[in-house]
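S.K.: Sequence and computational prediction follow.
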Amino acid sequence: MSVIPVPRRVALISVHTSPLAQPGTGDAGGMNVYVWQTATRLARRGVKVEIFTRATSSSDAPVVDAAPGVLVRHVAAGPFEGLDKQDLPGQLCAFTAGVLRAEAMNEPGYYDLIHSHYWLSGQVGWLARDRWSVPLVHTAHTLAAVKNASLAKGDTAEPRLREIGEQQVVDEADRLVANTATEATELVSMYGADPDRIDIVTPGADLDCYTTGSTAAARAELGLNPDERIVTFVGRIQPLKAPDVLLAAAAPLIHRARQAGSGVPPLRVLIVGGPSGSGLERPGVLIEQAAQLGIADAVTFLPPQPSRRLADVYRASDLVAVPSYSESFGLVAIEAQACGTPVIAADVGGLSVAVADGRSGLLVPGHDIDTWTSELESVLGQPDRLAELAAAARGHAEQFSWEHTADQLLLSYGRAMDSLESSKHAVLTEHLSRKGSLGLTEGIGQR
Ligand code: UDP
């Protein structure tokens, strides 16, 4: 039986966002959580992990001992502030130089493998891989071609520059990690990736932090009314995530509950997160929308919350809505279900894996407001059905742990290391056989 190699030390590259940042606003979201959670799990399995990310503050120490076995290296590449993600392609040379110098300070062969996250990091990993002769494993997190095929109305398309850069990384990486079978299919059909080089590894949730608990206690903790029904959106606020669809769909229900009077509990929409991406151009857009819809007093906005408090947000909610236009997985959906809260999600991308349709939540096709209103009305109007979905939610979420993700990543790393060894062996064999045909092989072993 062949033994799968395990890397001793991995360079994780996350150029545009640090795993130490609070997720839920700007460029910090699911990828930060993914990088942090997998790094700490890999470290617990004996793999040393060094995360390279761009320094974005003068207070970022060059090297941070972030957790046992996990170092975060802040690489100086361009000014700390004022650079947008779209500006970062111009800083990749500086960033790569920082990565190569960090390795050069150590003994040769310091890293056994590179795992890059998002295409910008893939570009850096590609060069470092060639320099260090180690395998490059890449996770895209989102794909421009997929995003551009399902843009929200008025949203900006991902630039051609990204599509080209992303294609190069798909072509160059030794292995690709896809969150779901859907993403693997997209990599093959839209980017021509070799299916044999793709590993499907589902992300997870921190099942010790996101646990079931008392709704009443969570509402008391957050200062929310115990007698309202609450539908919650959690995430980076930008058109792609479609929080506006939730507000527009909930508005008629909020008005109807008001008109019905005391017999029907009032409905509240809770929005948690901060502006991000093209949403930064109009940070107050949801407040304006709520006012225009006449529901300003039934919408509560909370800034990005740390995970412990976010668990209370999920527990306090009757339903969590994930109406995104595209989503390679959707960590929020799993976290909510881990807290025993059902999810209503758009039937796009990885959400069809993250939500068990009809069992732990509901998948809604498209973004038609009337459809979303009637789906919301139907599920909120049937307390027994909502309770059934809630009862199944935790069980569904338990299939997605970061432990499982880390184990699957190690298998992918092992395959990448194996294939590099075999290709080195093939090159050596070819080299020897050519020398042999020239009558030179005898001297090789003797030297
Ligand atoms: N998140 C958080 N605090 C917030 C809002 C979001 O910690 O106030 C985290 C959330 O727990 C989740 C991540 O941000 O792990 C968002 O991941 P998701 O896959 O849902 O969306 P992405 O940001 O990757 O598009």
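M.R.: Sure, I can see it. Numbers count the residues shown, from 1 in each chain.
S.K.: Kindly confirm my reading that Val320 is in a helix.
M.R.: No: judged by DSSP: H, G, I helix; E, B strand; the rest coil, Val320 forms no part of a helix; its state is strand.
S.K.: what sits against it?
M.R.: Val320 sits next to Val231, Thr232, Phe233, Val234, Tyr314, Val332, Ala333, Ala336, Thr341, Pro342, Val343, Ile344 when contact means Cβ atoms under 8 Å, 6 or more residues apart in numbering. No exception for glycine: its C-beta is placed from N, CA and C like everyone else's.
S.K.: again, only using 6 Å
M.R.: Taking Cβ atoms under 6 Å, 6 or more residues apart in numbering as the contact definition, Val320 lies against Thr232, Ala336, Thr341, Val343.
S.K.: where does Leu71 land in three-state SS?
M.R.: strand.
S.K.: again but with Gly109, I slipped
M.R.: coil.
S.K.: Run a quick neighbour tally on it.
M.R.: Using other Cβ atoms under 10 Å, Gly109 has 12 other residues around it.
S.K.: next one: Asp87
M.R.: The burial count for Asp87: 12, using other Cβ under 10 Å.
S.K.: What does the pLDDT read for the residue lying closest to it once chain neighbours are set aside?
M.R.: Closest residue to Asp87 apart from its sequence neighbours, by Cβ to Cβ, 6 or more residues apart in numbering: Gly78 at 7.5 Å. What the model reports as pLDDT for Gly78 is 96.
S.K.: what's the answer for Lys153, then?
M.R.: For Lys153, the predicted pLDDT is 85.
S.K.: That one and Ala291: what is the separation?
M.R.: Distance of Lys153 to Ala291, given as Cβ to Cβ, to the nearest Å: 20 Å.
S.K.: Distance across stretch 172-179, terminal residue to terminal residue?
M.R.: Start to finish, the residues bounding stretch 172-179 are 19 Å apart (Cα to Cα, to the nearest Å).
S.K.: Report the mean confidence score over it.
M.R.: 98.
S.K.: can you list the contacts of Val320 in TSV and add neighbour count?
M.R.: Output for the contacts of Val320, formatted as TSV (neighbours: other Cβ atoms under 10 Å):
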residue	neighbour count
Thr232	26
Ala336	34
Thr341	31
Val343	30
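S.K.: For the stretch 51-200 of the chain, which residue gets nearest to the ligand?
M.R.: Going by Cβ to the nearest ligand atom, the ligand is nearest to His141 of the stretch 51-200 of the chain, at 6.9 Å.
S.K.: Give me the number of neighbouring residues for that residue.
M.R.: By other Cβ under 10 Å, neighbour count at His141 equals 21.
S.K.: Could you measure from it over to Gly30?
M.R.: Using Cβ to Cβ, His141 is found at 7 Å from Gly30.
S.K.: what's the answer for Thr405, then?
M.R.: 12 Å.
S.K.: Please apply the same query to Val49.
M.R.: In terms of Cβ to Cβ, Val49 sits 18 Å off from Gly30.
S.K.: do the same with Val64
M.R.: 21 Å.
S.K.: So between the two, which is more surrounded?
M.R.: Applying other Cβ under 10 Å to Val64 and Gly30 shows that Gly30 carries more neighbours, namely 21 against 16.
S.K.: Give me the neighbour count for the closest residue to the more buried one other than its chain neighbours.
M.R.: Excluding its sequence neighbours, the residue lying closest to Gly30 (Cβ to Cβ, 6+ apart) is Leu331, at 4.6 Å. Around Leu331 there are 27 other residues, counting by other Cβ under 10 Å.
S.K.: phi, psi of Leu331?
M.R.: Here is the backbone geometry of Leu331 (degrees, to the nearest 10): phi -60, psi -40.
S.K.: and if you look at Leu224?
M.R.: Torsion angles, degrees, to the nearest 10, at Leu224: phi -100, psi 150.
S.K.: roughly how far apart are it and the ligand?
M.R.: Leu224 is 15 Å from the ligand, where distance means Cβ to the nearest ligand atom, to the nearest Å.
S.K.: That residue: neighbour count?
M.R.: Neighbours around Leu224, by other Cβ under 10 Å: 21.
S.K.: Ok, the one 3 residues further on next?
M.R.: By the measure other Cβ under 10 Å, the count of residues near Asp227 is 7.
S.K.: Contact partners for it?
M.R.: Asp227 is in contact with Pro265, counting by Cβ under 6 Å, 6+ apart.
S.K.: my read is it is in a helix, agree?
M.R.: No: applying three-state DSSP, one finds Asp227 to be coil, outside a helix.
S.K.: quick one: contacts for Ala178?
M.R.: Listed by Cβ under 6 Å, 6+ apart, the contact set of Ala178 reads Ala184, Leu187, Ile198, Ile200.
S.K.: Can you name the helix or strand that the residue nearest to it when sequence neighbours are not counted falls in?
M.R.: Nearest residue to Ala178, sequence neighbours excluded (Cβ to Cβ, 6+ apart): Ala184, at 4.0 Å. Applying DSSP states H and E as the criterion places Ala184 in helix 181-191.
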